[in-house]
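> Okay, sequence plus prediction incoming.
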Amino acid sequence: MGDGIGGAVIGILTNNVFELLVSHTRKDNQEEYGKVEKVMIGKVDDPDQPQYGETTKEDLERALKGKFVSCNVQYRDSKTDVLVCNVFVQRPPEGF
């Protein structure tokens, strides 16, 4: 896909799936995205935790819940409607 979305992580569903409150989308995205999307992690890049490797739901909650992330969308799983993404922990935009 190659699309990009971003927003706050509002919930952790499993050890590698979370809910994203989508507040930012790239202008050149090819697909449409809902206000809330389920995201499965393909890869995580967090400069504060460079060796991060998710192991449990609780670990993922500590690492991501409430943080602003950007997601490079790899594809949407047609069976589960979950986006598989590379996830990057960001500083929130001004006024967020």
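Perfect, I can see it now.

> Low-confidence ranges, this structure, go.
Within the chain, the set of residues satisfying pLDDT under 70 comprises 1, 44-54, 92-96.

> would you list every one of the helices in it?
With DSSP state H as the criterion, the chain has helices at 57-64.

> can you pull out the strands in it?
4-12, 17-25, 36-45, 68-76, 83-90 (DSSP state E).

> Give the buried residues for the last one.
Same thing as strand 83-90. 83-85, 87-90 (16 or more other CB atoms under 10 Å). Placement of C-beta: from N, CA and C, glycine included.

> Give the other helices and strands that that strand contacts.
strand 4-12, strand 36-45, helix 57-64, strand 68-76 (3 or more CB pairs under 8 Å, 6 or more residues apart in numbering; DSSP states H and E).

> CA atoms of that strand as CSV?
Below are the C-alpha coordinates for strand 83-90, written out as CSV (Å, rounded to 0.1, in the frame of the first residue of the first chain):
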residue,chain,number,x,y,z
LEU,A,83,-4.0,-2.8,9.0
VAL,A,84,-0.5,-4.3,9.1
CYS,A,85,1.9,-1.5,9.6
ASN,A,86,5.4,-0.4,10.4
VAL,A,87,4.9,1.8,13.5
PHE,A,88,7.0,4.8,14.6
VAL,A,89,6.6,6.4,18.0
GLN,A,90,6.6,10.2,17.4
